[in-house]
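In: need the 3D shape of this:
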Amino acid sequence: MTAVPLHYEMIQTKNLKFEVASHGRGDRLALLLHGFPECAYSYRHQIATLERLGYRVWAPNLRGYGKSDKPLGRREYTMDRLEQDVTDLIDASGARSVLLVGHDWGGAIAWSYGMSGARPIERLAVMNCPHPICFQRGLASPAQLRRSWYMLFFQLPWLPERYVRANDYAMLEKSFRGWAVHPERFSDDDLAVYRGNAQQPGALTAMINYYRAMPLSLPLLAKRGPRKIEVPTLMIWGEQDRALGRELTEGTERYVNDLTLRFIPDASHWVQQDAPEQVNALLEQWLREPRMASLGALG
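Out: Prediction:
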């Protein structure tokens, strides 16, 4: 699958300025939230499909990434601030309706935003990121704790940055190609985009601060409680995920009123890049014919 060239613009919101891959027109917004150590470029294969389906697509480099603003300090990366960024981007877009899509860290923000009710969203799609309550429950498993070792490592000062920078950011190639089911999906040019993103002044510390801020976000999430998500929700899961076990999807339907859950057996954590054709087909099918509580595997 050939990715579309991304066209970026700087979007000034109420609080921060964001570098946004912006495609299409209209008042139906698809807002795509990326993960770590990715950037807006991770959605290069989905943008054309969503634009064809009538959406104006915004894929922002989240705070701390690329040329977007990079507030200093881990407290600037707590979930309430990340949610505020979503609200500010929606407001800046002037959109009438919003499809919110998230992967990895972007998925965590999307889940949390879906529970917040800060702005109405029409639909929610999350890829390879468990609902926060399912994830908290899953951390009781020794197997998941072993998979999540890096979250503890990233709590340390300066050492994680040194680890990621080592050998010209070799960790990025190891993560993307090493975890992928289809490593050929990550060309040298693709890896150069991610390396260049991490090399932006202040970016690497900002990216890791998402993890360092996690303990500070827990009181907010506890105070909010398990609010049920009422909007139609699609959950796509690449089964060959080395960071997050498939069992973390179990029980999601307790917290989502209208859930469609789809598994892609031959895809990794980087599901929308590793299996873009399958992901795009699932997105299109769901957007055209949403169904209630449909659970199962692709195929």
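
In: only C-alpha atoms from now on, for both contacts and neighbour counts.
Out: Noted.

In: can you pull out the helices in the stretch 1-150 of the chain?
Out: Under the criterion DSSP state H, counting those that start in this stretch, the stretch 1-150 of the chain carries helices at the ranges 47-52, 79-93, 105-116, 132-138, 142-147, 149-153.

In: residue 123: which of these is closest?
Out: Across those, residue 123 has its closest neighbour in helix 105-116 (9.1 Å, C-alpha to C-alpha).

In: tell me where the stretch 151-299 of the chain has helices.
Out: For the stretch 151-299 of the chain, the helices defined by DSSP H, counting those that start in this stretch occupy 159-179, 188-198, 203-212, 214-224, 271-274, 276-288.

In: would you mind measuring from residue 282 to residue 127?
Out: Taking C-alpha to C-alpha, to the nearest Å as the measure, residue 282 and residue 127 are separated by 11 Å.

In: looking at these two, which one has more neighbours?
Out: A direct count of neighbours by other C-alpha atoms under 10 Å for residue 282 and residue 127 places residue 127 higher, at 26 against 18.

In: the more buried one pairs with what?
Out: residue 103, residue 236 (DSSP bridges).

In: possible to save the helices of the stretch 1-150 of the chain as JSON lines with mean neighbour count, distance to residue 99 and mean pLDDT?
Out: Listed next are those as JSON lines, based on neighbours: other C-alpha atoms under 10 Å; distance: least, C-alpha to C-alpha, whole Å; pLDDT from 0 to 100:
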{"stretch": "helix 47-52", "mean neighbour count": "18", "distance to residue 99": "10", "mean pLDDT": "97"}
{"stretch": "helix 79-93", "mean neighbour count": "19", "distance to residue 99": "10", "mean pLDDT": "97"}
{"stretch": "helix 105-116", "mean neighbour count": "23", "distance to residue 99": "10", "mean pLDDT": "96"}
{"stretch": "helix 132-138", "mean neighbour count": "16", "distance to residue 99": "20", "mean pLDDT": "92"}
{"stretch": "helix 142-147", "mean neighbour count": "14", "distance to residue 99": "30", "mean pLDDT": "89"}
{"stretch": "helix 149-153", "mean neighbour count": "13", "distance to residue 99": "29", "mean pLDDT": "91"}
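
In: compare those and give me the one nearest residue 253.
Out: Among these, the nearest to residue 253 by C-alpha to C-alpha is helix 132-138 (10.3 Å).

In: report the contact partners of residue 180.
Out: The neighbours of residue 180, taking C-alpha atoms under 8 Å, 6 or more residues apart in numbering as the test, are 267, 268, 269, 270, 274.

In: can I get the helices of the stretch 1-150 of the chain in CSV with distance to residue 16?
Out: Below are those laid out as CSV (distance: least, C-alpha to C-alpha, whole Å):
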stretch, distance to residue 16
helix 47-52, 24
helix 79-93, 8
helix 105-116, 17
helix 132-138, 26
helix 142-147, 33
helix 149-153, 26
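
In: nearest to residue 198 among those helices would be which one?
Out: Proximity to residue 198 (C-alpha to C-alpha) singles out helix 105-116 among these, at 15.8 Å.

In: packing partners of that closest one?
Out: The contact analysis (3 or more C-alpha pairs under 8 Å, 6 or more residues apart in numbering; DSSP states H and E) places helix 105-116 against strand 28-33, helix 79-93, strand 97-103, strand 123-127, helix 132-138.

In: mind checking pLDDT for the residue lying closest to residue 210 once chain neighbours are set aside?
Out: Ranked by C-alpha to C-alpha, 6 or more residues apart in numbering and with sequence neighbours excluded, the top spatial neighbour of residue 210 is residue 77, at 5.3 Å. Residue-level confidence at residue 77 comes out at 98, pLDDT.

In: least confident secondary structure element in this protein?
Out: strand 294-297 (a mean of 44; mean pLDDT, DSSP states H and E).

In: pLDDT at residue 223, what is it?
Out: The per-residue pLDDT reported for residue 223 equals 78.

In: that one - how many residues pack around it?
Out: Other residues near residue 223 come to 8 when the count uses other C-alpha under 10 Å.

In: which outside residues touch stretch 118-130?
Out: Among residues not part of stretch 118-130, those counted as contacts by C-alpha under 8 Å, 6+ apart are 87, 97-105, 107-108, 110-111, 114, 231-238, 241, 244, 248-249, 252, 269-272.

In: mind listing what's buried in it?
Out: 120, 121, 122, 123, 124, 125, 126, 127, 128, 129, 130 (16 or more other C-alpha atoms under 10 Å).

In: just put these in a markdown table and tack on distance to residue 203 and pLDDT.
Out: Putting the buried residues of stretch 118-130 into a markdown table (distance: C-alpha to C-alpha, whole Å; pLDDT from 0 to 100) gives the following:
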| residue | distance to residue 203 | pLDDT |
| --- | --- | --- |
| 120 | 31 | 91 |
| 121 | 29 | 96 |
| 122 | 32 | 96 |
| 123 | 30 | 97 |
| 124 | 28 | 98 |
| 125 | 27 | 98 |
| 126 | 24 | 98 |
| 127 | 24 | 98 |
| 128 | 24 | 98 |
| 129 | 23 | 98 |
| 130 | 26 | 97 |
